[in-house]
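Asks: with the input below, show me the fold.
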Amino acid sequence: MRGALGRHADEVYAGLGDVKRKQLAQKIFLELVHLGEGAQDTRRRVDKTDLLALGATDEVEPLLARLAYNRLISTGREGEETFVEVSHEALIREWPALREWITQNREELRLGRKVQQEAEEWDRLNNDADALLKGARLAQAEEWLWTHADAPILSRQFVQASMEARTESSRYKVPQTFNSDENIVSLFEPDTLVSAQYFENLRSKTLEPEKRLMLAVLEDAINCFQDNVLAQSGKRKRLFEEAEDWILAGDRDWFFSFENICEVCGINPEYVSQGLLRWKEKKLPKYPNSKYWERTKMAG
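Replies: Purely as a prediction, here's the structure:
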């Protein structure tokens, strides 16, 4: 019997003929797999309405019926909802084509499901702004959304709301380039956060996914530095120290170092780091125990 299930699935899949129908079948089977974390992948029960959202209803519905007729998937009911799942969990292990699809799409599937979980939490909290995505997590979600037009409606709404909140959070106009000491000071005045508008302007000119991700990492670190500068203990103090360590590390060997990210994004890293240190000096004149003061003493 071993291998028979995989051969049967290959025959059914080959019989779909049309390339578009085969691609839709791939999406359906991937949705029906629960990704194991350090364990085997297993079958996943999915609401039928979620699968119908993967394409046109008049294309998905007959395909589901065909796969069910050939005993590759099965359907059932829970209350008022109809669910779909893989008929035999062994199919996930014994169908080489499905294993290959899972390998090729594992990270994207993880990201998409993580976004969906966070979107559901946001919805449960009545669209609480504090539950929206920010920084690197938002950049990753944006990139994922661009390549998944069939993303669940709630996930799309969640990412779009996060993007809108990022834009609306801009409160101050800032210089477009770091080209003078005067510009640096204006970016980091006491009680003023680096404007989201500045990063939004950069994002509008930085379309490559790699640069967008790097820009989000930089934005996250600067926000952590400034949001938590007054923290005296606990998680917020640790976040500040981690951000400060990263900004002052001077490490060019690591691809995601502060210096490398700034240069990839077309920003002078020295201007940013010195601007942040000057901002911190004005913000904390009574606290001579920071890395800024240690650095100043060493320079002296």
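Asks: what about the strands in the chain?
Replies: Counting by DSSP state E, one finds strands in the chain at the ranges 33-34, 42-43, 46-47, 73-78, 81-86.
Asks: closest one to Gln157 among these?
Replies: Gln157 sits nearest to strand 46-47 of all the strands of the chain, at 17.4 Å, using CB to CB. From N, CA and C alone the C-beta is placed, and that goes for glycine too.
Asks: contacting residues around the closest one?
Replies: 31-32, 81-85 (CB atoms under 8 Å, 6 or more residues apart in numbering).
Asks: 7 Å - rerun?
Replies: Strand 46-47 is contacted by residues 31-32, 81, 83-84 when judged by CB atoms under 7 Å, 6 or more residues apart in numbering.
Asks: of the strands of the chain, flag the one that's most buried.
Replies: With neighbours defined by mean count of other CB atoms under 10 Å, none of the strands of the chain is more surrounded on average than strand 33-34, at a mean of 20.
Asks: that one pairs with which strands, parallel or anti?
Replies: Partners of strand 33-34 in the sheet, by DSSP bridges, are strand 42-43 (antiparallel).
Asks: avg pLDDT for the strand it pairs with?
Replies: The pLDDT scores in strand 42-43 average 95.
Asks: just to revisit the earlier point, any idea which of the strands of the chain gets closest to Glu100?
Replies: Among these, the nearest to Glu100 by CB to CB is strand 33-34 (12.4 Å).
Asks: quick revisit: as JSON lines, the strands of the chain with distance to Glu270 would be great.
Replies: Below are those laid out as JSON lines (distance: least, CB to CB, whole Å):
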{"stretch": "strand 33-34", "distance to Glu270": "48"}
{"stretch": "strand 42-43", "distance to Glu270": "51"}
{"stretch": "strand 46-47", "distance to Glu270": "51"}
{"stretch": "strand 73-78", "distance to Glu270": "58"}
{"stretch": "strand 81-86", "distance to Glu270": "56"}
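Asks: and which of the contacts of strand 46-47 is nearest to Asn223?
Replies: Nearest to Asn223, judged by CB to CB, of the contacts of strand 46-47 is Glu31 at 34.8 Å.
Asks: isn't that closest one right next to Leu51, touching?
Replies: Yes. Assessed by CB atoms under 7 Å, Glu31 is found in contact with Leu51 at 6.2 Å.
Asks: neighbour count winner among these two?
Replies: A count of neighbours by other CB atoms under 10 Å puts Leu51 above the other of Glu31 and Leu51, at 22 against 17.
Asks: can you tell me how far that one is from Glu164?
Replies: 29 Å (CB to CB, to the nearest Å).
Asks: check Leu133 too.
Replies: Distance, Leu133 to Glu164, using CB to CB: 11 Å.
Asks: who's more crowded, the two?
Replies: A side-by-side neighbour count of Leu133 and Glu164, using other CB under 10 Å, places Leu133 first with 23 against 11.
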